[in-house]
Structure formats: C-alpha cells, structure tokens
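Peer 1: coords below, sequence missing:
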C-alpha cells in the first residue's frame with residue numbers, strides 16, 4: 001500500500017480497533033496478520049469513539065436538514081459534553097459517556113478523562129502555516145444580561161470574530177454555562193493560484209445550478225473512486241498537522257455514503273487512496289451552521305445543586321460553526337455552549353473525476369492527524385452559503 005499522507009490517524013484507528021479488519025475480506029487479504037500496536041497516546045484511546053460519535057451525529061443532523069449546508073465541530077462538541085459528563089453523578093455519567101460513543105466495558109472512565117485532558121493539551125498548534133486553538137471556560141450566572149455579554153466577548157476573542165456575534169438565549173434560571181471553542185487557520189501544502197480562479201457552474205441538484213468561483217490546480221493529490229459506495233474521495237493536505245477529505249457522492253448516492261460513514265470506512269479509503277496527477281477545478285465556499293443539540297442527550301442530572309434543591313441538568317446546547325475555503329487554505333471556527341439549570345428538561349422538539357471540476361454537493365472533513373480528531377465535519381450543498 002502506498003505510504004499514507006495521514007498515517008498517524010490511520011495508525012491510531014487500526015490500533016484502537018483491532019477487530020475491524022477481521023470482518024472485512026478486503027482488509028485481511030494482505031498476507032500474515034500482525035497484531036496492531038497499542039495506541040501510543042492517551043488521546044488515541046478515545047479517537048475511534050470520537051469519530052464514531054461525529055459520524056453518528058452527522059447522520060442525525062443531516063436527516064433534520066435535507067438539502068441544506070451542514071457544518072459542526074465534533075471536537076468542540078465532544079470535549080464540552082465529556083467535560084460536563086465527567087463531573088456528573090455516576091449513573092448520569094455512564095449514560096452521557098455512552099451517548100458520546102464510549103464503550104465502558106472496554107474503556108474505563110479514568111482512561112476517558114485522561115484522553116480528554118491529553119486531547120485538550122495536544123490540539124493547540126501555532127506556527128506560520130497552521131493555527132489551531134481550542135479551550136473552554138465556565139461562566140457562573142451573573143444574570144442573563146451580564147453573562148451573555150461575557151460569553152459574547154469570550155467567543156469573539158477566542159475565534160477572532162469568525163463566528164460573528166454570538167447570540168444566546170440565556171434564561172434567568174441558568175446557573176452555569178460551559179463554552180468550548182475551536183478555531184483553525186490552515187494553509188494548503190499546495191496552494192492554488194488566485195490567477196486561475198474563475199466562475200463556473202456548481203450543480204445544487206439535477207435541475208438547479210449556480211455560478212461559483214472555482215479554484216484550479218494541476219498537482220498530485222491522494223485520490224480514489226470507491227466503486228462500492230459510488231463516490232470519489234480527494235485528500236488535500238495542509239501545511240501542518242492537519243488534512244482535509246472531500247467526498248463527492250455520485251448522483252443519487254449521497255444517502256448511501258452518509259450511512260456508510262464509519263471508522264472502518266476511513267481505514268478502507270486509506271487502503272484505496274493513491275497519489276495521482278490531477279487537473280481539476282474545485283469550488284471556493286463559505287458556509288456556516290447553527291444547531292441545537294440538547295434533544296440528542298439523555299435527560300439526566302449532571303451536577304449537584306444547592307442543598308435541598310434539585311441537581312443541575314442540561315437545558316440547552318447551542319453549537320455554531322463556520323468554514324471558508326479559498327486559494328491559500330481554509331479557515332474555520334466553532335463554539336459549543338452548554339447551559340446548566342436546576343430545572344428539569346422542558347419538552348423538546350427536534351429542530352426543524354480527474355481533469356474535471358468537482359461541481360456537485362460534497363462532504364468535507366478536516367482531521368488533526370496526530371490525535372485522530374475530527375476538527376470539522378459537514379456537507380456543502382451550496383458553496384455560496
């Protein structure tokens with residue numbers, strides 16, 4: 001197999017999921033089987049669970065917003081919810097961690113906590129080509145107005161204003177708000193020439209098309225066509241510890257590809273990706289999404305209230321993400337806000353080829369390769385937003 005451009009991530013996946021290959025003949029027909037190495041870092045032990053959670057959440061959100069752009073940061077969401085869950089009573093902690101994709105029969109809560117702390121330490125990167133910041137802060141209620149102001153200032157500062165104004169409906173009953181942020185500025189390992197950018201058609205569906213700026217490049221990238229899932233995968237590396245995958249389903253195959261998003265699929269794609277000389281157009285885009293997530297969580301107390309009062313519960317989870325792709329690279333930011341209140345949950349309703357151009361709806365996923373983390377995951381239906 002050709003040397004992988006994202007080998008740290010694949011090594012983590014194979015090491016942490018030793019049973020994956022046993023059920024896949026395509027992965028087992030490679031001569032004598034060697035036991036995969038154990039994950040080398042604490043964060044590697046939680047990477048597969050985090051990826052599985054990311055893909056599962058994508059499918060649920062995509063069902064609620066068919067035909068729309070979708071974007072979120074699995075890293076931001078899972079870190080924020082893991083932090084809340086690890087401070088919850090034992091019974092609630094188990095439900096929340098299982099909801100985040102962790103199998104507590106094979107991984108202890110101490111290992112999860114160690115992995116989360118290790119991930120928070122390893123993700124931040126700052127150099128001339130790659131800037132990745134992440135962190136979280138807890139806000140005690142000072143009254144809705146004052147707390148909203150502090151949260152707004154924190155999010156704007158930490159994401160350098162990329163998310164725009166952070167507006168949150170903060171009720172009088174909110175006792176605490178945890179806010180997690182992720183911000184990324186990543187240059188391409190092979191930047192596009194701005195002089196070659198031109199307007200071309202992007203097909204929203206079978207009948208509608210829009211004119212969008214398309215970047216053009218003739219260069220070598222890892223590329224594949226998956227005949228089983230009927231999609232094309234293009235990997236473009238960043239000039240640093242990150243890589244982005246673009247998945248272009250064939251016509252009518254988007255649902256099939258979305259259903260197949262699993263850690264095993266990533267391993268399969270890595271076995272098929274080959275470096276090829278491509279001459280292609282690619283759409284510039286700028287998209288954003290705001291999502292409510294509390295309806296996806298179990299209704300359990302997550303913290304002790306004052307004596308004689310009910311414990312705190314998650315009343316609202318707000319997530320906002322934005323991503324822009326252009327000739328030099330990509331920029332993205334996300335924030336997750338978790339409101340804790342002493343009241344029980346209110347009733348909740350669910351929210352409403354080479355030498356050619358990639359000119360139809362596609363999936364985008366940006367990984368931090370060292371830790372195996374999905375920084376951003378989404379679907380671009382309309383590059384114009």
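Peer 2: Noted; the coordinates are in hand. Keep in mind that what you see is a predicted model, and the values were worked out from it rather than measured. Numbering: from 1, shown residues only.
Peer 1: tell me where the stretch 51-200 of the chain is predicted with low confidence.
Peer 2: Within the stretch 51-200 of the chain, the stretches with pLDDT under 70 are 144.
Peer 1: now do the helices in it.
Peer 2: Along the stretch 51-200 of the chain, counting by DSSP state H, counting those that start in this stretch, helices occupy 74-85, 90-99, 109-122, 144-158.
Peer 1: buried ones in the third one, by neighbour count?
Peer 2: For helix 109-122, burial by neighbour count (16 or more other C-beta atoms under 10 Å) applies to 112, 113, 114, 115, 116, 118, 119, 120, 122. No exception for glycine: its C-beta is placed from N, CA and C like everyone else's.
Peer 1: I figured the first one hits residue 103, correct?
Peer 2: The one in question is residue 112. No - at 10.3 Å, residue 112 does not count as touching residue 103 under the criterion of C-beta atoms under 8 Å.
Peer 1: okay if I get the buried residues of helix 109-122 as a markdown table plus distance to residue 246?
Peer 2: Below are the buried residues of helix 109-122 laid out as a markdown table (distance: C-beta to C-beta, whole Å):
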| residue | distance to residue 246 |
| --- | --- |
| 112 | 31 |
| 113 | 34 |
| 114 | 33 |
| 115 | 28 |
| 116 | 29 |
| 118 | 29 |
| 119 | 25 |
| 120 | 28 |
| 122 | 25 |
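Peer 1: can you tell me how far residue 276 sits from residue 229?
Peer 2: Computed as C-beta to C-beta, to the nearest Å, the residue 276 to residue 229 distance reads 19 Å.
Peer 1: picking that back up, of the buried residues of helix 109-122, which is the nearest to residue 138?
Peer 2: Of all those, residue 120 has the smallest distance to residue 138: 13.9 Å, by C-beta to C-beta.
Peer 1: ok, the closest one - contacts?
Peer 2: The contact partners of residue 120, by C-beta atoms under 8 Å, 6 or more residues apart in numbering, come to 79, 134, 135, 136.
Peer 1: same check on residue 382?
Peer 2: 69, 202, 204, 210, 287.
Peer 1: pretty sure residue 263 contacts residue 53?
Peer 2: No - using C-beta under 8 Å, residue 263 is not in contact with residue 53; the gap is 10.6 Å.
Peer 1: which parts of stretch 236-251 are buried?
Peer 2: Residues of stretch 236-251 classed as buried under the neighbour-count rule (16+ other C-beta under 10 Å) are 236-250.
Peer 1: so which of those residues belong to strands?
Peer 2: Those of the buried residues of stretch 236-251 mapping onto strands are 236, 237, 242, 243, 244, 245, 246, 247, 248, 249, per DSSP state E.
Peer 1: correct me, but the fourth one touches residue 236?
Peer 2: Think residue 243. Yes - the pair residue 243 / residue 236 is scored as a contact, 7.3 Å apart, by C-beta under 8 Å.
Peer 1: burial of residue 190, as a residue count?
Peer 2: The tally of other residues near residue 190 (other C-beta atoms under 10 Å) stands at 13.
Peer 1: ok, the longest strand along the chain: who's next to it in the sheet?
Peer 2: Ranked by residue count, the top strand of the chain under DSSP E comes out as strand 209-226. Under the criterion DSSP bridges, strand 209-226 sits next to strand 198-203 (antiparallel), strand 231-237 (antiparallel), strand 274-283 (antiparallel) in its sheet.
Peer 1: next SSE downstream of the longest one?
Peer 2: Heading C-terminal from strand 274-283, the first helix or strand you meet, by DSSP states H and E, is strand 285-292.
Peer 1: which strands or helices does that following strand pack on?
Peer 2: Using 3 or more C-beta pairs under 8 Å, 6 or more residues apart in numbering; DSSP states H and E, the elements in contact with strand 285-292 are strand 70-72, strand 312-325, strand 373-380.
Peer 1: check the gap between the nearest residue to residue 247 once chain neighbours are set aside and residue 269 for me.
Peer 2: Of all residues not flanking residue 247 in the chain, residue 363 sits nearest, at 4.1 Å (C-beta to C-beta, 6 or more residues apart in numbering). According to C-beta to C-beta, residue 363 stands 12 Å off from residue 269.
Peer 1: mind telling me what element residue 270 is part of?
Peer 2: Secondary structure assignment for residue 270, by DSSP H and E: helix 263-272.
Peer 1: what's the burial count for the nearest residue to residue 313 once chain neighbours are set aside?
Peer 2: Nearest non-adjacent residue to residue 313, counting by C-beta to C-beta, 6+ apart: residue 301, 5.4 Å away. Residue 301 is flanked by 18 other residues according to other C-beta under 10 Å.
Peer 1: pLDDT (mean, whole number) over the helix or strand where the residue nearest to residue 247 lies?
Peer 2: Element membership for residue 363, per DSSP H and E: strand 362-368. Strand 362-368 shows a mean pLDDT of 96 in the predicted model.
Peer 1: give the bridge partners for residue 223, please.
Peer 2: residue 234, residue 274.
Peer 1: same question, residue 292
Peer 2: For residue 292, the beta-bridge partners under DSSP bridges are residue 318.
Peer 1: that one contacts residue 315, correct?
Peer 2: No - with contact defined as C-beta under 8 Å, residue 292 does not reach residue 315; the gap is 11.2 Å.
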